[in-house]
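Colleague: generate a structure from the sequence data that follows.
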Amino acid sequence: MFKRISILFLVVGALVAGTLLAPNLSLQIGTVPASSELSVKARDLRLACPGPLYKAGGASGETLGEFAQVGEANYASSFNANGLASLETVDGVFTVRAQSESINQGSELLNASQYQNASGATLQGLAATNCQLPSNDLWLLGADTTTGREALLILRNTSEVDATVSLEIFTEAGAIEAPGLNGIAVVAGKSTVIPLSGVVPKTKSFMTHVSAKGGAIAAWIQQRTVRGLSAGGVDYISPSTQFAKNLVVPGIFIRGSKIAAKLIEANANYKDLTPIIRVFVPGEQQATVTVQVAGANAKTFGTVVRETIKPGTVMDLEIPGLKDGDYVAVVSADVNIQASVRLSRVSSGTAPDFTWIPAAEKFTGKRKITAPGIGISKLCVYNEKTGAIEVSVLAPGATFSFIGSQNPLYANLIVDVDGTVANVSVLDQKNAGGKVAVNVR
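Modeller: This next block holds a predicted model:
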């Protein structure tokens with residue numbers, strides 16, 4: 001027995017010594033089979049919309065903790081599969097059933113958005129947003145829970161699997177610790193509404209990070225303003241694009257700046273009619289951020305704002321002094337950041353309205369977007385390089401096409417209905433397919 005144990009120690013010792021003397025030693029038992037390459041079909045394209053606006057207090061407005069959908073949501077979409085797929089639309093969920101693996105997903109196949117013009121006593125204004133490709137990781141930059149401001153996080157699960165959601169929220173002071181951030185259940189095929197005032201009460205500026213396990217979800221923040229007893233606008237905050245050192249926010253269309261200045265002078269509660277750019281810095285390194293606001297022509301003079309922002313925090317940068325006109329914000333930093341713009345719309349005889357515009361996706365090539373069938377739709381396009389680009393004419397209810405530009409572009413659609421305002425992003429949403437290597441043992 002002693003002899004056997006000694007031999008075992010000698011073998012182990014030899015292996016250890018061999019490893020120390022030859023650190024690149026590899027040990028293989030048997031033959032390793034060659035990997036096989038398999039084609040993986042992309043999942044059917046599904047875009048989900050939030051549905052009608054939510055009213056706190058239920059249908060009566062008096063039931064604490066309940067939220068009822070009110071009014072009617074309208075949809076703007078286009079679908080073109082050339083007979084290779086069919087489209088199912090149920091309760092604001094657009095699903096493409098592909099009949100061929102060769103079909104190309106993206107905005108040319110399907111693009112969809114939602115809009116609703118609310119005119120109630122407590123919900124008033126134009127709310128619009130893109131219908132989303134569900135995800136397990138979403139960032140939403142915007143919202144306000146100070147007095148008279150309501151922010152509702154809408155989580156919609158259109159999959160057949162229940163989802164468990166966790167939240168991270170970052171404010172001007174950094175990440176917060178609060179009950180209710182983890183273990184949020186979103187049942188398959190259902191929506192869950194979370195009043196963010198219960199998580200970050202009386203907070204002016206924050207970024208919300210949504211992580212889901214199980215089913216993928218779509219997420220929006222429904223933001224509402226009430227000044228005293230008067231409704232002051234409503235809109236959706238949509239997920240942000242990828243973090244980057246250079247971001248562009250097109251579509252800062254200033255209207256009613258003189259009226260807004262008079263309202264602010266008379267009542268400080270109207271101070272949020274001044275446009276701001278909100279910046280979030282992730283990670284552990286501070287950012288030096290420069291915002292260049294440029295006008296569309298020689299009559300609209302912009303401005304430049306420069307600020308140092310601590311890591312893991314959010315900061316609002318005011319953009320004062322802009323006269324009525326069309327502008328674009330070009331944001332640069334020395335680390336990856338995220339940015340969005342709060343734009344108000346003020347006109348005589350109507351209550352103020354607002355919209356949150358996320359940084360636009362950078363793209364080349366073809367894309368499509370469909371305008372709502374009401375009001376005035378205006379597309380703002382920023383061309384990163386010199387040279388002309390070709391676009392088609394935009395009309396209410398029509399689909400707008402970018403004709404294969406090779407220049408990097410950024411674009412947002414701004415919608416105006418009788419003095420109310422909202423925005424829709426130009427996206428190219430698709431599921432990934434392709435080939436994967438598999439080892440079978």
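Colleague: distance check, the residue nearest to Gly83 when sequence neighbours are not counted against Gly106.
Modeller: In space, and not counting its chain neighbours, Gly83 is closest to Gln99: 8.0 Å by C-beta to C-beta, 6 or more residues apart in numbering. Where C-beta positions appear, they are placed from N, C-alpha and C, glycine not excepted. Using C-beta to C-beta, to the nearest Å, Gln99 is found at 17 Å from Gly106.
Colleague: again with Cys49
Modeller: 18 Å.
Colleague: tell me which of these two has more neighbours.
Modeller: Neighbours were counted for Cys49 and for Gly106 using other C-beta atoms under 10 Å; Cys49 has more, 26 against 17.
Colleague: how many neighbours does the spatially closest residue to that one that is not a sequence neighbour have?
Modeller: The shortest distance from Cys49 to any non-neighbouring residue, by C-beta to C-beta, 6+ apart, is to Gly92 (3.7 Å). Look at Gly92: counted by other C-beta under 10 Å, it has 18 neighbours.
Colleague: could you list the low-pLDDT ranges of this protein?
Modeller: By pLDDT under 70, the low-scoring segments of the chain are 1-40, 59-62, 387-388, 390-394, 433-441.
Colleague: could you pull out the helices for this structure?
Modeller: In the chain, the segments counted as helices under DSSP state H are 2-21, 257-266.
Colleague: quick one: distance of the shortest one to the chain centre.
Modeller: In this case it means helix 257-266. Computed by C-alpha atoms, centre = their mean, to the nearest Å, the chain-centroid distance of helix 257-266 equals 30 Å.
Colleague: okay, buried residues for that helix please.
Modeller: Residues of helix 257-266 classed as buried by neighbour count (16 or more other C-beta atoms under 10 Å): 257, 260-261, 263.
Colleague: isn't Cys380 right next to Ala329, touching?
Modeller: No: counting by C-beta atoms under 8 Å, Cys380 does not reach Ala329; the two are 10.8 Å apart.
Colleague: show me the residue at the heart of this protein, geometrically.
Modeller: Closest residue to the average C-alpha location of the chain: Pro239 at 1.3 Å, with C-alpha atoms, centre = their mean.
Colleague: tell me how far it lies from Ala218.
Modeller: Distance, Pro239 to Ala218, by C-beta to C-beta: 9 Å.
Colleague: cool, Arg97 as well?
Modeller: Arg97 sits 19 Å away from Ala218, going by C-beta to C-beta.
Colleague: which one of those two has more residues nearby?
Modeller: Taking neighbours as other C-beta under 10 Å, Arg97 and Ala218 compare with Ala218 leading, 28 against 12.
Colleague: ok, the more buried one touching Ser159?
Modeller: No: using C-beta under 8 Å as the test, Ala218 is too far from Ser159 to be in contact (10.2 Å).
Colleague: show me the common contact partners of these two, please.
Modeller: Here Ala218 and Ser159 have Pro134 as joint contacts, going by C-beta atoms under 8 Å, 6 or more residues apart in numbering.
Colleague: mind listing what Ala185 touches?
Modeller: Shown in contact with Ala185 (C-beta under 8 Å, 6+ apart): 162-165, 192.
Colleague: among these, who's most crowded?
Modeller: Among the contacts of Ala185, the one with the most neighbours (other C-beta under 10 Å) is Val165, at 25 neighbours.
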